[in-house]
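**Q** compute the structure for the input listed below.
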Amino acid sequence: MTFATAIRLPSFRSRSRTLRALKRWALMVGGLFVVLLGILIAPLPGPGGIPVIAVGLMLILKSSFWAKRQFIRAQYARPKWVYPFRRLMRKKPEFAPVFWQQALRAEKIVLKRPRRRLIRARKMLRRYFRKLFR
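**A** A predicted model of the protein is given here:
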């Protein structure tokens with residue numbers, strides 16, 4: 001009889017469970033740090049704090065069950081507000097279309113119809129590329 005059989009090592013399941021929990025807590029702490037960083041950056045000129053806070057909230061959302069429940073509630077209450085975050089949290093996120101869509105929404109909220117420039121610029125670019133590649 002050898003001593004190797006008498007020594008019990010922790011099973012693979014318990015190790016993987018603890019690693020998963022450790023990863024979850026690390027993501028949570030990292031997300032909180034990023035949110036705090038975004039709050040510190042927010043008073044600076046430009047929209048620098050808002051995207052940083054959004055990234056921090058997405059990290060928290062990936063690691064917290066409570067945050068996931070709140071996100072689902074928000075999704076039912078305000079689907080148009082939550083949809084861009086859902087698109088950015090996919091495995092292969094589409095950054096440019098999401099930011100373009102949000103820029104159009106912001107322009108629609110801020111400016112009246114005759115002063116909106118982004119829609120006209122997009123149409124002009126589309127016409128230009130169609131002529132160029134014909």
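
**Q** give me phi/psi at Pro45?
**A** Reported as degrees, to the nearest 10, the phi and psi values for Pro45 are phi -60, psi 140.

**Q** got it, and Arg116?
**A** Taking degrees, to the nearest 10, you get phi -70, psi 120 for the backbone angles of Arg116.

**Q** next one, pLDDT for it please.
**A** Among the per-residue scores, Arg116 shows a pLDDT of 73.

**Q** list the contacts of Ile39.
**A** By Cβ atoms under 8 Å, 6 or more residues apart in numbering, the contact list for Ile39 reads Gly49, Ile53. Yep, even glycine has a C-beta here, placed from its N, CA and C like the rest.

**Q** how near is it to Ile50?
**A** Distance of Ile39 to Ile50, computed by Cβ to Cβ, to the nearest Å: 11 Å.

**Q** can you tell me the SS state at Gly46?
**A** coil (DSSP: H, G, I helix; E, B strand; the rest coil).

**Q** in this structure, where is pLDDT below threshold?
**A** 1-13 (pLDDT under 70).

**Q** ok, longest helix in it?
**A** When the chain is parsed with DSSP state H, its longest helix is helix 12-41.

**Q** mind listing what's buried along that helix?
**A** Buried residues in helix 12-41, counted by 16 or more other Cβ atoms under 10 Å: Leu27, Met28, Gly31, Val34, Val35, Gly38, Ile41.
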